[in-house]
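>>> next come a sequence and a model predicted from it.
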Amino acid sequence: MKKPIYLDYNATTPHAPEVIEAMQPYLKEHFGNPSSSHWYGEEPKRAVEKARQQVAGLLQCPPEEIIFTSGGTEANNHAIQGIAWAMRAKGNHIITSAVEHPAVLEVCRFLAPLGFEITILPVNDEGLVDPEDVQRAIRPKTILITIMHANNEVGSIQPIAEIAAIARDNNITFHTDAAQSVGKIPTLVDELKVDLLSIAGHKLYAPKGVGALYVRSSCHPAKFCHGAGQEQGRRAGTENVMQIVGLGMACALAAENLQRHITEMQRLRDRLFAALSHALPEIQRNGPVEKILPNTLSVSIQGVAADRILHLIEPEVAASAGAACHSDTVEISHVLQAMHLPQEWAKGTIRFSVGTMTTADHIDRAAKVVIAAINKNKIRR
Ligand SMILES: Cc1ncc(COP(=O)(O)O)c(C=O)c1O
């Protein structure tokens, strides 16, 4: 069977061949428990610590500031709930934004009936938070500001260093969900001035079900998972050695190739937009022109239903829609709603996201398929 061209790297990435190779010994021979004091524990323990150094290398932080998790969702839960409970005596107010992933928004919603007050900041029509809104939202009881680094749907990159500086000046902990940015753009924790940063392995060519949380040494979120003493006593449970090794390798590869990948992603992404916009005059690009992930292209095509287009192109191209049309209603994503994208544009919003395995030939073929589907759909309307 001929597989569709994959243009949905923001949903998940394939495993890098180097990641698969690095993991294999831990699937086969090195099965030991890293906590075991005998021979079988030695290699897995060494491998986990090497991976910690590799993740720390990408973020440029000490390895002790990395905690392995089961993914981006757990890292966000650990950061947000961990600070909420650890700082409860100081305050109960949390600031976030309207374009966060559910892995942040739902955690805040969970905390609200438990006595926490949540401010959800708006974004502008490019999906960006205004740092002045952050400043204005701060109260004496604010304990945490959590704003994502890059948005998964549109790719907008938030002014994290600026917002984090405001948090720091006000002695408030700052967390960023960097699931979409790590491996795609620089994510140096000191430049970003963050206290906590979440990583999702499967967005950077490592497996699903592994991630990490960066925790600055001055920051003390409450323990997330109770049990034995793994991960400095912060996250109990025998380490997922094989996948941690995969994440470490993925971070090492990202660090080594970051600039080259940025240039390549941009070239492919812009090639796709050039082809689409040449053939489809009624197309618009969403998000900022510059402060945007190099691999992400969110476009809206007026007068078409994105889910119908995706269905038409499905045998040949895999991408994502920003809205789902039902028989008499249109369900627009919370991100596009927050950006106040008019319904007739939001309805026709498709996200294409390219990755390291994408080629120029993929882009040219995919563009042809998408253009044909849109033209066909318009005639049928
Ligand atoms: C911005 C963002 N945060 C968090 C997550 C959740 O990460 P995971 O799937 O590893 O739990 C995702 C994944 O879609 C994401 O895009």
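It's in.
>>> which positions in this protein make contact with the ligand?
Contact residues, the chain versus the ligand (C-beta under 6 Å from any ligand atom): 71-73, 101, 103, 148, 152, 177, 179-180, 200, 202, 211. (C-beta placed from N, C-alpha, C; glycine too.)
>>> quick check: the two most widely separated of these?
Met148 and His202 (16.7 Å; C-beta to C-beta).
>>> more crowded one of these two?
Remark: of Met148 and His202, Met148 carries more neighbours, 27 against 23, as counted by other C-beta atoms under 10 Å.
>>> quick one: the closest residue to the more buried one other than its chain neighbours and Leu128, what's the gap?
Leaving aside its chain neighbours, Met148 sits nearest to Asp177 (4.3 Å; criterion: C-beta to C-beta, 6 or more residues apart in numbering). Per C-beta to C-beta, to the nearest Å, Asp177 is found 15 Å from Leu128.
>>> equivalent analysis for Ile166, please.
Note on Ile166: its distance to Leu128, by C-beta to C-beta, is 15 Å.
>>> try Val370
Distance from Val370 to Leu128, by C-beta to C-beta: 27 Å.
>>> who has more neighbours, the two?
More crowded of Val370 and Leu128, by other C-beta under 10 Å: Val370, with 27 against 20.
>>> flag the shaky bits of the stretch 201-350 of the chain, pLDDT-wise.
Across the stretch 201-350 of the chain, the ranges flagged by pLDDT under 70 are 323, 326-328.
>>> tell me who's in contact with the residue in it positioned nearest to the ligand.
In the stretch 201-350 of the chain, the residue that lies nearest the ligand is Gly211 (5.1 Å; C-beta to the nearest ligand atom). Going by C-beta atoms under 8 Å, 6 or more residues apart in numbering, Gly211 touches 68-75, 179, 198-201, 247.
>>> how about 6 Å then?
For Gly211, the contacting residues are 69, 71-72, 75, 199-201, by C-beta atoms under 6 Å, 6 or more residues apart in numbering.
>>> domains for this structure, by residue range?
5-12+258-380, 17-254 (automatic domain parsing).
>>> and these, which is most packed in?
Highest mean neighbour count of the domains of the chain: domain 17-254, a mean of 20 (counted as mean count of other C-beta atoms under 10 Å).
>>> so how far is it off the chain centroid?
Put simply, domain 17-254 sits 10 Å off its chain's centre (C-alpha atoms, centre = their mean, to the nearest Å).
>>> straight-line length of that domain, end to end?
13 Å (C-alpha to C-alpha, to the nearest Å).
>>> residue for residue, what is the longest helix this structure has?
In the chain, assigned by DSSP state H, the helix with the most residues is helix 241-279.
>>> name the surrounding residues that touch the very next helix or strand once past it.
Moving toward the C-terminus from helix 241-279, the next helix or strand (DSSP states H and E) is strand 283-285. Outside of strand 283-285, the residues within contact range by C-beta under 6 Å, 6+ apart are 276-277, 299-301.
>>> end to end, how far does stretch 165-184 reach?
In stretch 165-184, first residue to last residue: 23 Å (C-alpha to C-alpha).
>>> give the rounded mean pLDDT of it.
Stretch 165-184 comes out with an average pLDDT of 98.
>>> tell me the bridge partners for the nearest residue in space to Ala11 that is not next to it in sequence.
Excluding its sequence neighbours, the residue lying closest to Ala11 (C-beta to C-beta, 6+ apart) is Ser320, at 6.2 Å. Taking DSSP bridges as the rule, Ser320 bridges to Arg351.
>>> quick one: residues contacting Val245.
22-23, 26, 47, 51.
>>> whoops, Ala324 was the one
Ala324 neighbours (C-beta under 6 Å, 6+ apart): 307, 331.
>>> now it: which helix or strand?
Assigned by DSSP H and E, Ala324 falls within strand 323-325.
>>> can you check Ala372 too?
helix 360-380.
>>> what packs against that helix?
helix 241-279, helix 306-313 (3 or more C-beta pairs under 6 Å, 6 or more residues apart in numbering; DSSP states H and E).
>>> now, the contacts of Gly211 that are in helices?
Judged by DSSP H, these include 72, 75 as members of helices.
>>> of the contacts of Gly211, which pair is most distant in space?
By the measure C-beta to C-beta, the contacts of Gly211 have their two most distant members at Ala75 and Gly201, which lie 10.2 Å apart.
>>> now Asn10, nearest residue through space, not along the chain?
Ser353 (3.9 Å).
>>> pLDDT of the helix holding Ala372, averaged?
Taken as a whole, helix 360-380 has an average pLDDT of 90.
>>> could you tell me the angle between it and helix 241-279?
Here the directions of helix 360-380 and helix 241-279 differ by 60 degrees (axes from the mean of the first three to the mean of the last three C-alpha atoms, to 10 degrees).
>>> contact partners of helix 360-380?
So helix 360-380 is in contact with 5, 7, 268, 271-272, 275-276, 279, 301, 304, 308-309, 312-313, 316-317, going by C-beta under 6 Å, 6+ apart.
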